[in-house]
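Undergrad: prediction below, plus the sequence it came from.
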Amino acid sequence: MGESRTFHSEVRTLLRNRILDTVGDLVIDQGWSSVNMSRVAREVGISRAGLYNEMGTRRDLAAALVAREADRFLTGVTDAISAHAPDLVEGLAAAAAATLTTGEQNRLLLSVVSEGSRARENELLSLVAVDSETVLGRAMEAVAEQSRAVAPGLRDEDRATLVEVYVRLTVSHLLQPRGDHGAAVDQIRSTVCGLMSTFDVRGA
């Protein structure tokens, strides 16, 4: 019985990834406006009803695509913070640098931002830049969790402030880059360092 559930779960995971890979390719090649449920179902090789059953609405599909991409970015973020322990400031700066470098090379993100700048409304860009949970919420949770391991002495309220300012600033640089990454990372480092200097770190 357990093996059957495991097999079913693996099949669903493979199907979801195939769906999201297909949608990602469509967005990169032709933009989010080219994505409709009938076309995705046809290219994946399932029924339209099956696609709705697995992914929900078109907006749910957009959210799943953005969430998966965000998780890929956050792997690099948490690795960078961990690699610089116990120096949280440098860990966050390194994580920002990794994020900006990855973003510059991420074809899906570049396509979303490019199409969003031309269109009056774009669900994907809205999820990346505006929605409070799909990207910002996931990022804040991941950064906060990793920072607890690196700087356990931070008070909860100080950690929440630091994480929110850091994530919002980094995402802003990611979506609206100006100049080279070095200047952006220096700004993020200075902001984090300034905030940290105002905190009462227990055990420091």
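TA: Nice, I can see it. Numbering: from 1, shown residues only.

Undergrad: tally of neighbours for Arg138?
TA: 17 (other Cβ atoms under 10 Å). Bear in mind the C-beta positions are built from the backbone N, C-alpha and C, glycine included.

Undergrad: so what's the closest residue to it other than its chain neighbours up against?
TA: Nearest non-adjacent residue to Arg138, counting by Cβ to Cβ, 6 or more residues apart in numbering: Ala70, 5.2 Å away. By Cβ atoms under 8 Å, 6 or more residues apart in numbering, the residues touching Ala70 are 134-135, 138-139.

Undergrad: mind redoing it with 10 Å?
TA: Shown in contact with Ala70 (Cβ atoms under 10 Å, 6 or more residues apart in numbering): 77, 109, 127-128, 134-139, 142, 171.

Undergrad: if I look at it, how far off is Val171?
TA: From Ala70 over to Val171 the distance is 10 Å, taken as Cβ to Cβ, to the nearest Å.

Undergrad: so what sits against both of these two?
TA: Taking Cβ under 10 Å, 6+ apart as the criterion, Ala70 and Val171 both touch 128, 135-136, 139.

Undergrad: list only buried entries from those.
TA: Among those, those classed as buried by 16 or more other Cβ atoms under 10 Å are 128, 135-136, 139.

Undergrad: show me where this protein has its helices.
TA: In the chain, the helices defined using DSSP state H lie at 2-30, 37-44, 48-55, 58-83, 88-105, 107-118, 123-129, 136-150, 156-175, 181-197.

Undergrad: now do the buried residues in the fifth one.
TA: For helix 88-105, burial by neighbour count (16+ other Cβ under 10 Å) applies to 88-100, 102-103.

Undergrad: let me know the closest of the residues you listed to Val27.
TA: Of all the buried residues of helix 88-105, Val27 sits closest to Gly103, with 15.4 Å by Cβ to Cβ.

Undergrad: apart from its neighbours in sequence, what residue is nearest that closest one?
TA: Ranked by Cβ to Cβ, 6+ apart and with sequence neighbours excluded, the top spatial neighbour of Gly103 is Leu174, at 4.7 Å.

Undergrad: okay but that neighbour is in contact with Ala95, surely?
TA: No. At 11.7 Å, Leu174 does not count as touching Ala95 under the criterion of Cβ atoms under 10 Å.

Undergrad: what's the overlap in contacts for those two?
TA: With Cβ under 10 Å, 6+ apart as the test, Leu174 and Ala95 both reach Phe73.

Undergrad: now the most centrally placed residue in the chain: how far from Ala142?
TA: Nearest to the geometric centre of the chain sits Ala70, at 2.1 Å (Cα atoms, centre = their mean). The gap separating Ala70 from Ala142 is 9 Å, by Cβ to Cβ.

Undergrad: intersection of neighbour lists for the two?
TA: The contact sets of Ala70 and Ala142 overlap at Val77 (Cβ under 10 Å, 6+ apart).
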